[in-house]
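J.: I would like the atomic coordinates for the input below:
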Amino acid sequence: MKNWYFFREAMKSFRTTGSITSSSKALVNKLVEPLPAHRPLVIVELGPGDGCVTRAILDKVHPESKVTAFEINPVFVEKLASIKDERLRVLPTGAERLTDYVEPATVDYVVSSLPLSMIPKGVKETILKQSQLVLRPDGRYLQFQYALQDYGLLKDYFNRVSVSFTMANLPPAFIYSCSLSIV
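T.: Coordinates of the predicted model:
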């Protein structure tokens, strides 16, 4: 049922969803694995879609954490509004407007499910630059993708980029972990 709902919405706006099915539990768990639970965090989520990653973030992190989600699809914005958690703020706007809503160097983690390969290069660069600006010096940018084509672009914006992989998703996915620090 959940995947049918996502599939129907993806068929209407595939360029912004970037997938025909919601992310698997295995992919979601691997994406949120780096988030520590022992201290409050400030998290920005880009392209939360139907909220499967959002729910995993909220389930994992400290009770005093804050999550701000940027989603442009009105159907998904409405779906995200059904998540009743005071730690979550949903903004019905694009990720390229990140710095309009978030102060520089205040974010511990940016978690992105954006379909980077489908976003025009200029917009993609704006999103990455703004993600770089809002992250604390020790912050991390987490992103999943279905191909490695944006690896070089991520290396342009982050000093350290590591990649892991999961077959347990349709399609299989790469998970990037990026940081500004060189250590």
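
J.: max-length helix in this protein?
T.: helix 121-134 (DSSP state H).

J.: just checking, what packs against that one?
T.: strand 42-46, helix 98-101, strand 107-112, strand 135-145, helix 151-157 (3 or more Cβ pairs under 8 Å, 6 or more residues apart in numbering; DSSP states H and E). C-beta: built from backbone N, CA, C; applies to glycine.

J.: now it against strand 107-112, angle please.
T.: 160 degrees (axes from the mean of the first three to the mean of the last three Cα atoms, to 10 degrees).

J.: any idea what the residue nearest the centre of the chain is bridged to?
T.: By Cα atoms, centre = their mean, the chain has its centre lying nearest to residue 112, at 1.7 Å. Beta-bridge pairing for residue 112 (DSSP bridges): residue 46, residue 143.

J.: for residue 150, give its distance to residue 133.
T.: Plainly put, residue 150 is 19 Å away from residue 133 if you go by Cβ to Cβ, to the nearest Å.

J.: kindly report the same for residue 165.
T.: Counting by Cβ to Cβ, the gap from residue 165 to residue 133 is 29 Å.

J.: ok, residue 36 next?
T.: On the measure of Cβ to Cβ, residue 36 and residue 133 end up 22 Å apart.

J.: go ahead and confirm residue 131 touches residue 114.
T.: No. With contacts counted by Cβ atoms under 8 Å, residue 131 stays clear of residue 114, the gap being 10.1 Å.

J.: identify the contacts common to the two.
T.: Common contacts of residue 131 and residue 114, defined by Cβ atoms under 8 Å, 6 or more residues apart in numbering, comprise 46, 95.

J.: go ahead and list the helix or strand containing residue 161.
T.: strand 160-166 (DSSP states H and E).

J.: what sits against the residue nearest to the centre of the chain?
T.: By Cβ under 8 Å, 6+ apart, the neighbours of residue 112 are 45, 46, 47, 95, 131, 141, 142, 143, 144.

J.: which one is the fourth one nearest to, not counting chain neighbours?
T.: Just to be clear, that refers to residue 95. residue 46 (4.3 Å; Cβ to Cβ, 6 or more residues apart in numbering).

J.: state the distance from that neighbour to residue 78.
T.: 18 Å.

J.: neighbour count winner among the two?
T.: residue 46 (25 against 12; other Cβ atoms under 10 Å).

J.: ok, that one - contacts?
T.: Contacts of residue 46 by Cβ under 8 Å, 6+ apart are 69, 70, 95, 98, 110, 111, 112, 113, 114, 127, 131.

J.: my read: residue 83 touches residue 59, true?
T.: No. Here residue 83 lies out of contact with residue 59, judged by Cβ under 8 Å, at a distance of 10.8 Å.

J.: neighbour count for the two, which is higher?
T.: Counted by other Cβ under 10 Å, residue 83 and residue 59 do not tie: residue 83 has more neighbours, with 16 against 10.
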